[in-house]
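1. need a 3D model of the sequence below.
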Amino acid sequence: MSASHDRTTGPWMTQAMRWFGPADPVSLAAIRQAGASEVVTALHEVPNGAVWPRETIAARRAMIEAAGLGWTVVESLPVDDVIKTRGPLWEERIAAYRDSLTNLAACGITVVTYNFMPLLDWTRTDLAYPMPDGALALRFEWDAVAAYDIHILRRPGAEADYPPARVAAAAALFARLSPADRDALEATILAGLPGSEESFTSAGFLAAMQDYAGIDADRLRENHVAFLRAVCPHADALGIRLVLHPDDPPFPLFGLPRIASTEADFAALFDRVPAPSNGLCFCTGSLGAHPDNDLPGMIERLGDRIGFLHLRSVQREGDHAFHEAAHLGGDANMPAVVAAIHRLSRAQGRSIPMRPDHGHQMADDLTRRCNPGYSLIGRLRGLAELRGLEAGIAHVQGACA
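-> Numbers count the residues shown, from 1 in each chain. Below is the predicted model of the structure:
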């Protein structure tokens with residue numbers, strides 16, 4: 001039994017870092033030196049909707065293992081928008097998804113992360129928000145979203161989705177932005193995750209929205225349930241757990257619905273699709289951006305479904321704006337979160353894969369090319385802090401047992 005799974009000495013979470021493949025500026029060697037025992041990654045070069053070839057998965061796994069690391073969690077196997085909208089090629093894309101799961105299982109993958117967000121799977125308005133200590137963080141705020149939506153994207157009817165004060169603030173902000181600033185805001189909002197399989201121009205984004213015409217939250221939920229009912233029996237047979245990543249941020253954007261933002265959303269989904277493979281990627285940052293979410297309580301109530309952990313904290317600024325805080329700072333109450341995870345692990349006798357999500361760009365990484373949110377040093381600091389927090393909690397809970 002490896003140290004990461006030792007139930008007597010800990011740590012109890014399987015420590016991992018996200019790696020975006022051979023083009024990632026953070027090397028596998030650096031991730032190993034940070035103390036992680038695994039990476040979570042994906043075949044980002046494969047287009048959405050296509051089957052992941054078994055030989056390509058095996059080659060990527062061999063590369064990772066040659067660096068002394070493991071790979072059991074995929075992040076992510078994208079759900080094509082054809083599936084999310086239940087478009088004409090739905091059955092074909094479902095079959096491709098099943099085939100990819102088959103190939104992943106054959107190569108030792110046991111957890112597959114996905115999301116059901118329309119078009120954009122990750123949205124920020126500032127990728128280099130200065131912190132008091134000189135580090136840079138990711139930030140989201142609504143005036144910038146509205147300025148882009150109304151004045152750059154020019155989505156028809158966008159003004160009606162914002163209160164009058166927000167429309168006025170967006171107009172004032174847009175007027176202050178230089179042409180270069182406007183271009184930067186557009187690029188930031190459309191950037192998506194590093195390594196994203198797809199990206200948009202504003203014109204392409206606006207055109208793609210037409211596929212979601214008439215799809216409200218209820219319809220999107222039905223499409224999600226249909227997807228799970230089509231793939232979960234296959235995942236169950238393969239021994240793969242499908243884990244849904246929460247909406248990021250957990251609010252509707254650009255007139256598109258969001259359906260995985262609150263505890264009630266997940267409870268309803270698990271009730272409708274009770275298959276063992278229907279699980280949750282518990283992202284404390286995405287969930288923590290919504291003030292109604294009780295993170296430690298959600299771990300206690302949804303624990304059976306949690307198959308993967310993203311541990312980060314956001315600092316809510318009011319009016320649903322937020323920025324990425326230090327891993328042990330912000331509003332997440334990380335000590336209570338990790339204590340709840342430790343109790344869950346002890347009760348169920350399992351080690352849950354975890355990665356320190358995002359991280360400030362800091363120290364020498366300020367002068368290096370970095371994927372936004374995924375610089376090395378900020379995540380190394382986060383992993384070290386979380387490892388120490390977990391060890392202290394395990395010691396105290398063990399002494400009190």
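2. burial count for the spatially closest residue to Leu77 that is not a sequence neighbour?
-> Of all residues not flanking Leu77 in the chain, Val112 sits nearest, at 5.0 Å (Cβ to Cβ, 6 or more residues apart in numbering). In this view, the C-beta of every residue, glycine as well, is placed from N, C-alpha and C. A count of nearby residues for Val112, using other Cβ atoms under 10 Å, gives 28.
3. how about Val112: which residues does it bridge to?
-> Note on Val112: beta-bridge partners by DSSP bridges are Val74, Leu242.
4. quick check: pLDDT value at it.
-> If you check Val112, the pLDDT there is 98.
5. again with the one 5 residues further on
-> Per-residue confidence at Met117 stands at 96 (pLDDT).
6. what of Glu159?
-> At Glu159, pLDDT is 98.
7. what is the neighbour count of it?
-> Glu159 - counted by other Cβ under 10 Å - has 15 other residues nearby.
8. okay, it and Arg343: tell me how far apart.
-> In this view, Glu159 and Arg343 are 48 Å apart by Cβ to Cβ, to the nearest Å.
9. for Leu311, which residues are in contact?
-> 284, 327, 334, 337-338, 354-357, 382, 386 (Cβ atoms under 8 Å, 6 or more residues apart in numbering).
10. let's see 10 Å
-> Contacts for Leu311 (Cβ atoms under 10 Å, 6 or more residues apart in numbering) come out as 13, 282-285, 327-328, 332, 334, 337-338, 341, 354-358, 382-383, 385-386, 389-390.
11. so what's the residue count around the residue lying closest to Asp211 once chain neighbours are set aside?
-> Among residues not flanking Asp211 along the chain, Thr85 sits closest, at 5.0 Å (Cβ to Cβ, 6+ apart). Per other Cβ under 10 Å, the neighbour tally for Thr85 reads 19.
12. list the contacts of Thr85.
-> Counted by Cβ under 10 Å, 6+ apart, Thr85 has contacts 118, 208, 211-215, 219-220, 223.
13. nearest to Pro296 among these?
-> The shortest approach to Pro296 among the contacts of Thr85 belongs to Leu220, at 28.6 Å (Cβ to Cβ).
14. rewinding a little: if you rank the contacts of Thr85 by neighbours, which is first?
-> Result: Pro118 is most packed of the contacts of Thr85 (other Cβ under 10 Å), 24 neighbours.
15. that one belongs to a strand?
-> No. Judged by DSSP: H, G, I helix; E, B strand; the rest coil, Pro118 forms no part of a strand; its state is coil.
16. flag the shaky bits of the stretch 51-200 of the chain, pLDDT-wise.
-> 192-198 (pLDDT under 70).
17. try 80
-> 192-199 (pLDDT under 80).
18. now do the helices in it.
-> Under the criterion DSSP state H, counting those that start in this stretch, the stretch 51-200 of the chain contains helices at 54-66, 81-85, 90-106, 142-147, 164-176, 179-190.
19. list phi and psi for the nearest residue to Phe270 once chain neighbours are set aside.
-> Counting by Cβ to Cβ, 6+ apart, Arg305 is the residue found nearest to Phe270 once chain neighbours are left out, at 5.7 Å. The phi and psi values for Arg305, taken as degrees, to the nearest 10, are phi -90, psi -10.
20. surely His323 is within a helix?
-> No. Using three-state DSSP, the assignment for His323 is strand, not a helix.
21. now do the residue nearest to it when sequence neighbours are not counted: how many residues are near it, please.
-> Among residues not flanking His323 along the chain, Arg139 sits closest, at 4.0 Å (Cβ to Cβ, 6+ apart). Arg139: 22 surrounding residues under other Cβ under 10 Å.
22. with Gly285 instead?
-> By other Cβ under 10 Å, the residues close to Gly285 number 25.
23. what's the first helix or strand after the host helix or strand of it?
-> Secondary-structure assignment from DSSP states H and E places Gly285 in helix 284-288. Heading C-terminal from helix 284-288, the first helix or strand you meet, by DSSP H and E, is helix 295-302.
24. tell me which residues are up against that next one.
-> 262-263, 266-267, 270, 279-280, 282, 284, 287-288, 294, 306, 309, 313, 331-344, 347, 352.
25. tell me how far it lies from the chain's centre.
-> 18 Å (Cα atoms, centre = their mean, to the nearest Å).
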